[in-house]
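Enquirer: Sequence below, structure please.
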Amino acid sequence: MFELKIVDKKGTEIDNVRCGADSCELGSARDGISRIRGWRVAPQHARFVKELAGVFVEDISNGYGISINGNEMERYGPLQAEDIITIAGYRITVINDDDAGATESIEENTAMENEADSSEDISQQNNSRLVYMEWAKFVHQELLRQMDLRRMHLDELAPEKVREKLSVLVEEIIVSMVDRLPKALEHNVLAKIVLDEAIGLGALEDLLADSNVTEIMVNAYDDIYIEKAGRLLKTDTTFTSNDAVMATIERIISPLGRRIDESSPMVDARLADGSRVNAIIPPLALRGPCITIRKFSEKKLTDRDLIRFVTLNESMVSFIRMCVEQRKNIIVSGGTGSGKTTLLNILSNYIPLSERVVTVEDAAELRLVQPHVVSLEARPPNMEGRGQVTIRDLVKNCLRMRPDRIVVGECRGGEALDMLQAMNTGHDGSLTTAHANTPRDMLRRMEVMVLMAGMDLPVSAIREQIASAVHIVIQQTRFGDGSRKITNISEITGMESGTIQMNEIFKFKQQGFDDNGRIRGDFVATGTVPKFYEELRERGVTVDMSIFQQ
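Expert: Here you go, the predicted structure:
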């Protein structure tokens, strides 16, 4: 709570009122905390807001204006007892009940931290973090005001120069208010928070820099989760406001030519390092703007890494390498977050360097090592609803680009029909991914996706296309303990009585859990030898048949 002391033009005190809420308005209207009259007083002229750092005043007069200590300002705070707010000749001072507020709280907690128990330590850390966020919000607003006053044109400068100029400006702002800042606040930390939100990705900068973080989920500006080692963890990291989250989203999508607003409140994008980004904003997201980032590892993973992660074994690596080298059409199947795209990247490493590869994706994520690669990316519609280029359009177009291999990031609709036709018309060795829980479910989904193309085809014809086009289905699964494993590798052998026939080559046999709750099990061969291995041996190609022994 806080008090407002109001003095008229003659110096007579006309009111001394207490605001019992976190926000109170002052003006000529009857519903304000106090009523001041005059032709230059708006009905709602000023709003006083109690925040963690103290009491702030905002100009809501729509043009009439307020001044603090003789200077016109739109927002100012935290207010001290000696600050004078002037409205049409009236002078208002604020008496904050806990003037020391956050400063005393931090200093007292710091002095007693050796005596406090763990719950008090957590409370102190949270309080300190909130104080940083409140002051960062204030410094950020002052930064925007200073940039506007100085008419700084930063669009033409390199990112390093922009950061350098704004860093100097932020330092000036912090120095100018050093008397009002809590003593426990570290100025360099405050400056970093402000700069990250002004020109970086805000609260996400440190999380993106952490190589152990694989996924970042912003549910609300003050509710951020991460994934580490396959486990979800809540972080102490927060943005200063929903506006800061929106600014981060805009900063991500603007270079890509994407847009997000009320008419188009969802967007898929990527970061400079290839990390996948999804954002959704109100009115669809009820708690505020949401961001989901699936990070790409700085180190490009190889099959050795998958063996180290116990995702598969050496025999399975030998088999899938032979499949890619011998131009077998492969679908990687699995649920969300099961590692399909990572496996697709690793499979693409086996493509001979002499071949021309065309990749088609919604948001470019694949990083191929071949020198002859053409990467295509789909495009959403513009504000008029025009200009959309779908995955299916790109798959059709890449057939005219003389590809040796076609790699589609994910089939989720009508492009499945064009992919099957490509596989059946000389583009052997094509790779793609799709969502499904089992290899058999994958075949059923392919049927549905082909029907989504709008072609009135009989199911038997679709199944014949699938049976002749797809050679291998690799099933990847993410388990409850966060581990990802290839649970099944199957070969499609043809059609019989209207049913697509599959032979299971390798599978993961689960054998319970270890003492840490991790999945235990073995990768085993079923004993079935793929048909194309027999054909390779007949053609004189050296193949290792021992990998199929049970």
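
Enquirer: Checking my notes, L166 in a helix, right?
Expert: Yes: counting by DSSP: H, G, I helix; E, B strand; the rest coil, L166 is found in a helix.

Enquirer: Go ahead and flag the most central residue of the protein.
Expert: Closest to where the C-alpha atoms of the chain average out (CA atoms, centre = their mean) is I293, at 2.5 Å.

Enquirer: Which pLDDT value belongs to the nearest residue to it once chain neighbours are set aside?
Expert: Distances taken as CB to CB, 6 or more residues apart in numbering place I216 nearest to I293, at 4.3 Å, with adjacent residues excluded. C-beta coordinates here come from the backbone N, C-alpha and C atoms, glycine included. I216 is assigned a pLDDT of 93 by the prediction.

Enquirer: any idea how far I216 is from R251?
Expert: Look at I216 and R251: by CB to CB, to the nearest Å, they are 15 Å apart.

Enquirer: and what of M495?
Expert: When M495 is compared with R251 (using CB to CB), they lie 52 Å apart.

Enquirer: what sits against the spatially closest residue to P530 that is not a sequence neighbour?
Expert: If the residues on either side of it in the chain are set aside, P530 comes closest to E491, at 4.7 Å by CB to CB, 6+ apart. Residues near E491 by CB atoms under 8 Å, 6 or more residues apart in numbering: 471-472, 502-503, 505, 528, 530-532.

Enquirer: Could you check which helix or strand contains E491?
Expert: Here E491 sits within strand 484-496, counting by DSSP states H and E.

Enquirer: what pairs with that strand, and is each one parallel or antiparallel?
Expert: Next to strand 484-496 in the sheet, as set by DSSP bridges, lie strand 472-478 (antiparallel), strand 499-513 (antiparallel).

Enquirer: now it, how far from the chain's geometric center?
Expert: Relative to its parent chain, strand 484-496 has a centroid offset of 33 Å by CA atoms, centre = their mean, to the nearest Å.

Enquirer: Quick check on the residue lying closest to C290 once chain neighbours are set aside: phi, psi?
Expert: Nearest non-adjacent residue to C290, counting by CB to CB, 6+ apart: I280, 5.1 Å away. Note on I280: backbone dihedrals following degrees, to the nearest 10 are phi -140, psi 140.

Enquirer: cool, and M73?
Expert: Torsion angles at M73 (phi, psi; degrees, to the nearest 10) stand at phi -140, psi 150.

Enquirer: what ranges of the stretch 1-150 of the chain fall below the confidence cut-off?
Expert: Along the stretch 1-150 of the chain, the model assigns pLDDT under 70 to residues 52-53, 97-130, 147-150.

Enquirer: Can you identify each of the helices in it by residue range?
Expert: 101-112, 118-149 (DSSP state H, counting those that start in this stretch).

Enquirer: swap in the stretch 351-500 of the chain?
Expert: Under the criterion DSSP H, counting those that start in this stretch, the stretch 351-500 of the chain contains helices at 391-398, 415-424, 439-451, 459-469.

Enquirer: and those helices, which is most packed in?
Expert: Stretch with highest mean neighbour count among these: helix 415-424 (a mean of 23; mean count of other CB atoms under 10 Å).

Enquirer: Make TSV out of the helices of the stretch 351-500 of the chain and add distance to Q510 and mean pLDDT.
Expert: Below are these laid out as TSV (distance: least, CB to CB, whole Å; pLDDT from 0 to 100):
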stretch	distance to Q510	mean pLDDT
helix 391-398	35	89
helix 415-424	31	88
helix 439-451	17	92
helix 459-469	29	91
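
Enquirer: now these as a markdown table including distance to F319?
Expert: Shown next, in a markdown table, are the helices of the stretch 351-500 of the chain (distance: least, CB to CB, whole Å):
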| stretch | distance to F319 |
| --- | --- |
| helix 391-398 | 27 |
| helix 415-424 | 20 |
| helix 439-451 | 15 |
| helix 459-469 | 20 |
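
Enquirer: on that earlier part again, and the contacts of the strand or helix carrying the residue nearest to I293?
Expert: Taking DSSP H and E as the criterion, I216 maps to strand 213-220. Contact with strand 213-220 is made by 204, 207-208, 224-228, 230, 232, 239, 242, 245, 287-295, 297, 337, as judged by CB under 8 Å, 6+ apart.

Enquirer: 6 Å instead?
Expert: With CB atoms under 6 Å, 6 or more residues apart in numbering as the test, strand 213-220 has contacts from 207, 224-228, 287-288, 290-295.
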